[in-house]
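Colleague: Predicted model and sequence follow; I will ask about them next.
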Amino acid sequence: MSQFVIYLDLKPYLKEWLEHSLGNPVEFPPHSNENAVIRTFIQRRPEAEPIETNSSGLLTAIRIPDSKAKPAEYYNYITGSGKQAIVEAIEDRFIQNLWGELSMLTLSTQGKGINTHIAAWCEMHGISLDSVETVRQKYFRVRKAYTEKGIDLRNFSRKKIGQE
């Protein structure tokens, strides 16, 4: 992994989760989707473009993956749209992690005490108590969106709601 980084402006819970899981600066696994997105959108820095810094300390540093085709010492710039694509990949990974680890608890508790489980999950993943409500809402929005389409994510069978 190169020593070059790009900076992303992430929501606080995503920043905490990502840095807790993958370090600071964040280093994605070698063949991850996130690295593929970075390699796709990374480009040579335009001459007029200043080197990005994190003077506020609020941004998340992401290591640029090594690439023979795009060496990080030359390819270390990413546009706003490219950064947004990386943020979307990170948000998708977060939802996968959240749902994967909490869905079994939802089945066992049948909805009772799920808020406590979400708070414990946040704590386990380095997310501050200030963000627990945000994560809880994200969890329930995903579940509701699928339920409205007739897919009960709390059930591991392929039956749609209302089918016997």
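Modeller: Alright, I've got the coordinates. All values reported here derive from a predicted model rather than from experimental measurement.

Colleague: for this structure, what are the low-confidence residue spans?
Modeller: Residues of the chain meeting the criterion pLDDT under 70: 1, 105-112, 153-164.

Colleague: what's the domain layout of it?
Modeller: 5-89, 90-148 (automatic domain parsing).

Colleague: got the ones you listed as TSV, with mean neighbour count columns?
Modeller: Using the backbone N, CA and C atoms, a C-beta is placed for each residue, glycine as well. What follows is those, written out as TSV (neighbours: other Cβ atoms under 10 Å):
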stretch	mean neighbour count
domain 5-89	15
domain 90-148	15
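
Colleague: As a check, name the ranges of all strands in this protein.
Modeller: In the chain, the segments counted as strands under DSSP state E are 5-8, 43-44, 60-63, 75-77.

Colleague: could I have the first one exported to CSV, CA atoms only?
Modeller: This points to strand 5-8. What follows is strand 5-8 as a C-alpha-only set of coordinates in CSV (Å, rounded to 0.1, in the frame of the first residue of the first chain):
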residue,chain,number,x,y,z
VAL,A,5,-3.8,9.3,0.7
ILE,A,6,-6.9,11.0,-0.4
TYR,A,7,-9.3,12.6,2.0
LEU,A,8,-13.0,11.9,2.3
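
Colleague: Just the residues contacting that strand, thanks.
Modeller: Contacting residues not belonging to strand 5-8 are listed as 25, 38, 42, 52-54, 59-64, 76-78, 83, 86-87, 90 [Cβ atoms under 8 Å, 6 or more residues apart in numbering].

Colleague: Distance check, residue 95 against residue 136.
Modeller: With distances taken as Cβ to Cβ, to the nearest Å, residue 95 is found 13 Å from residue 136.
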